[in-house]
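Peer 1: What shape does this take:
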Amino acid sequence: MGVDHMVITVTSQQQMIDADAFLREAQHRWPGCRTRRYDPTTDIIDAEANIPRPDSPSFNVTHFPGNGMISTNAQPWVAAEIAAWIRSLHPDPSLVLWYTDEGFTGHTVLTPGITPTQIDHQWVDHRDHDPEQEYPHYFH
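Peer 2: Residues are numbered from 1 along each chain as shown. Next up, the predicted model:
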């Protein structure tokens, strides 16, 4: 399981879909994908979908216990598509979702209706914008 990009809730009070709904939605989005449940008491994750691609490497989309993070090891352009899909599952604008990378070097705020192109263009580099200073209510 690799983690290159992820969608996170920025406050512990907010949650995305649970593992069962995630697997259902993944099977709807990628018919024929392989899904698997994990035991969250012994594993770091609780559900995963493996998506085979005929013309490129397969990738995983992984759900974490607590319903606050979904990650992927997909190529960046595919990861942005996955982030837009995840946001589409959560149309409530009061749910704050960020798309970020493994090193938390930047982020995009995922607003309802955001497209993969917008996700790429709205990336905020954390070297130029410190999220702890700009969004202190999320980090303190």
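Peer 1: which stretches of this protein form strands?
Peer 2: Using DSSP state E, the strands of the chain run over residues 5-9, 34-37, 47-51, 59-63, 69-72, 97-101, 106-110, 124-125.
Peer 1: okay if I get those strands as TSV plus mean neighbour count?
Peer 2: Just so you know, the C-beta spots here come from the backbone N, C-alpha and C atoms, and that holds for glycine as well. Listed next are these as TSV, based on neighbours: other Cβ atoms under 10 Å:
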stretch	mean neighbour count
strand 5-9	22
strand 34-37	15
strand 47-51	21
strand 59-63	24
strand 69-72	23
strand 97-101	22
strand 106-110	20
strand 124-125	12
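Peer 1: Pro131: which of the ones you listed is closest?
Peer 2: strand 106-110 (6.6 Å; Cβ to Cβ).
Peer 1: Next, the angle from that closest one to strand 97-101.
Peer 2: Strand 106-110 runs at 150 degrees relative to strand 97-101, counting by axes from the mean of the first three to the mean of the last three Cα atoms, to 10 degrees.
Peer 1: Just send the strands of the chain back as CSV, with distance to Met16 and mean pLDDT too.
Peer 2: Output for the strands of the chain, formatted as CSV (distance: least, Cβ to Cβ, whole Å; pLDDT from 0 to 100):
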stretch, distance to Met16, mean pLDDT
strand 5-9, 6, 93
strand 34-37, 17, 97
strand 47-51, 12, 98
strand 59-63, 8, 97
strand 69-72, 7, 96
strand 97-101, 7, 95
strand 106-110, 11, 95
strand 124-125, 21, 93
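Peer 1: hey, what's Phe59 bridged with?
Peer 2: Ile51 (DSSP bridges).
Peer 1: any idea how far Asp92 is from Glu102?
Peer 2: From Glu102 over to Asp92 the distance is 27 Å, taken as Cβ to Cβ, to the nearest Å.
Peer 1: higher neighbour count, the two?
Peer 2: Higher neighbour count among Glu102 and Asp92: Glu102, with 12 against 8, using other Cβ atoms under 10 Å.
Peer 1: Verify the stated contact: the more buried one with Asp4.
Peer 2: Yes - using Cβ atoms under 8 Å, Glu102 is in contact with Asp4, at 5.7 Å.
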